[in-house]
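**Q** give me coordinates for this.
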Amino acid sequence: MANVASMSIDALLKLREEVGRALAERAKQLNTQLSRLGMEDGRGRRSPLKGRKVPVKFRDKEGNVWAGRGAQPRWLRDKLKSGAKLQDFAVEKSVAVRKASARKPKKRRKAKR
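**A** Numbers count the residues shown, from 1 in each chain. The predicted structure is shown next:
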């Protein structure tokens, strides 16, 4: 600390700039390392379901749709407040989809080692 106390104002300002540059460079290196590890800005891994499209579950006569994820859209909320029921807007699954979902999945055989 004795060195810093005896430094001139210009030297201290120059030192502060150098420290700022060194910290910025180190932060850039750490962010690069985190991105290589599959992390986004160090906040954790991205959900594998994020960004995936899901089939529409609710539709009204005007063509508004909602997949049933997240907050209810305004058009649906307004119609529910006016007395409609959620089931009035439910999209029926097709017969082929219902038959496929009713089947039991085939069991896979374990490979011999």
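**Q** give me the neighbour count for L76.
**A** 19 (other C-beta atoms under 10 Å). Every residue, glycine included, has its C-beta placed from N, CA and C.
**Q** where does it fall, secondary structure wise?
**A** helix 74-81 (DSSP states H and E).
**Q** how about that helix: buried residues?
**A** Neighbour-count burial for helix 74-81, counted by 16 or more other C-beta atoms under 10 Å, picks out 76, 79.
**Q** same for it, what does it pack against?
**A** Helix 74-81 is packed against no helix or strand, with contacts defined by 3 or more C-beta pairs under 8 Å, 6 or more residues apart in numbering; DSSP states H and E.
**Q** P73 versus the most centrally placed residue in the chain, what's the distance?
**A** With distances taken as C-alpha atoms, centre = their mean, K50 lies nearest the centre of the chain, 4.8 Å away. Distance, K50 to P73, using C-beta to C-beta, to the nearest Å: 19 Å.
**Q** now do L12
**A** Distance, L12 to P73, using C-beta to C-beta: 57 Å.
**Q** please apply the same query to F58.
**A** Remark: distance between F58 and P73 (C-beta to C-beta) = 9 Å.
**Q** tell me the confidence at K99?
**A** Reported pLDDT at K99 in the predicted model: 53.
**Q** the one 4 residues further on now?
**A** We note a pLDDT of 59 for R103 in this prediction.
**Q** V91 touches D60, doesn't it?
**A** No. Counting by C-beta atoms under 8 Å, V91 does not reach D60; the two are 10.4 Å apart.
**Q** having no further points to raise, I will conclude here.
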